[in-house]
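1. mind folding the following:
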Amino acid sequence: MNVIHPTVHPIEAPPVTDAANNAIPRGRMKDMQGTPGTPGALALRFFQFAFALVALCVMATTSDFPSVTAFRYLVAAVSLQSIWSLTLAILDTYAILVRRRFRHPRVVSLFAIGDGITSTLTFTAACASAGITVLIGNDLNDCARNHCTRFETATAMAFMSWFAVSPSFLLNFWTLASK
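-> Sure thing, here's the model as predicted:
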């Protein structure tokens, strides 16, 4: 029986060189502004926080907002939105300072789910408040007794906060889906 036996030949190790000069390019694409850990994401988080905080402050300074459930819902939703946005703004600031990006799928999915929940709550609260504001102002013609201007301002700021959180949600969801 004539069987061929393979032989193993030792291979010399390549010479040690400077790793920075011979870095192998990675297969990752460039981070889009607005994805977690970028300056664009930090700007979006700042605007989300600012608009939600203004809506909260304007609504909280009116004396009769607790009498309407939609306005209480708006205060709760923008409170949650401002806390969420401030927390993620701090995380984005940290990521920018240490020059790292959030790419782990669990972290990005947490961001996407949180943005989805807070954006939905903020949007529904703003819609409900807008409906009540139109009812008070146009249908009941009762703006003399109520703070219609403040209600309208708080509702508009809630919508602006939703406009700022929507790109964050879409970019986080897209980042998660592309992995």
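2. so for stretch 59-78, mean pLDDT?
-> On average, the pLDDT along stretch 59-78 is 92.
3. neighbouring contacts of that stretch?
-> 52-53, 55-56, 118, 121-122, 124-126, 128-129, 131-132, 146-147, 150-151, 154-155, 157-158, 161 (CB atoms under 8 Å, 6 or more residues apart in numbering). Bear in mind the C-beta positions are built from the backbone N, C-alpha and C, glycine included.
4. contacting residues around residue 46?
-> Taking CB under 8 Å, 6+ apart as the test, what residue 46 contacts is 85, 89.
5. any idea how far it is from residue 88?
-> Distance of residue 46 to residue 88, computed by CB to CB, to the nearest Å: 10 Å.
6. give the residue spans of this structure that score low on pLDDT.
-> For the chain, applying pLDDT under 70 flags the ranges 1-30.
7. and the helices in it?
-> 39-60, 69-97, 105-134, 148-177 (DSSP state H).
8. okay, those in a markdown table with distance to residue 31 next?
-> What follows is these, written out as a markdown table (distance: least, CB to CB, whole Å):
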| stretch | distance to residue 31 |
| --- | --- |
| helix 39-60 | 9 |
| helix 69-97 | 10 |
| helix 105-134 | 12 |
| helix 148-177 | 9 |
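9. those: which one's closest to residue 142?
-> Judged by CB to CB, the one of the helices of the chain that comes nearest to residue 142 is helix 148-177, at 8.2 Å.
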